[in-house]
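>>> when you get a sec, could you give me coordinates for this:
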Amino acid sequence: MTVKLESRCILCVRKAIEEKYCKYHYEALQSLRVHYEIWKSRYGKISWHDYLRRLKKIKYTGKWVKEVIEVELKMCKK
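Alright, predicted model coming up:
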């Protein structure tokens with residue numbers, strides 16, 4: 001008998017659907033990507049890393065977005 005293990009989101013216990021994230025964290029990542037393009041058009045040259053660092057400091061940034069930011073910032077360091 002073989003048991004297929006479902007992959008789990010790296011940030012919570014939900015089933016991962018895309019890029020190691022659950023539905024909710026993946027939506028947060030997609031939102032970050034869309035808004036990064038907007039920031040670039042408004043502020044000029046800004047790196048992904050700097051964008052994430054700035055958003056992380058904003059108190060109105062949502063919890064799930066901040067969780068994704070933490071993972072993405074760690075990946076930027078690699």
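>>> measure the most centrally placed residue in the chain to Lys45 for me?
Closest residue to the average C-alpha location of the chain: Val68 at 3.2 Å, with CA atoms, centre = their mean. Distance, Val68 to Lys45, using CB to CB, to the nearest Å: 23 Å. (Each C-beta comes from the backbone N, C-alpha and C, glycine too.)
>>> also Thr61?
22 Å.
>>> buried ones in the host helix or strand of Arg54, by neighbour count?
Element membership of Arg54, judged by DSSP states H and E, is helix 48-57. Residues 51-52, 55 are the ones in helix 48-57 that count as buried (16 or more other CB atoms under 10 Å).
>>> run the chain-centre distance for the helix or strand following it.
Downstream of helix 48-57, the next assigned helix or strand under DSSP H and E is helix 63-77. Relative to the chain's own centre, helix 63-77 is displaced by 5 Å; criterion: CA atoms, centre = their mean, to the nearest Å.
>>> now the nearest residue to His49 once chain neighbours are set aside: how far from Leu52?
In space, and not counting its chain neighbours, His49 is closest to Cys76: 4.5 Å by CB to CB, 6 or more residues apart in numbering. Applying CB to CB, the value for Cys76 to Leu52 is 7 Å.
>>> pLDDT below threshold where in this protein?
Within the chain, the stretches with pLDDT under 70 are 1-5, 78.
>>> tell me where the longest helix sits in this protein.
Counting residues, the longest helix found in the chain (DSSP state H) is helix 23-43.
>>> so which bits of it are buried?
24-29, 32, 36.
>>> helices or strands up against that helix?
Counting contacts by 3 or more CB pairs under 8 Å, 6 or more residues apart in numbering; DSSP states H and E, helix 23-43 packs against helix 48-57, helix 63-77.
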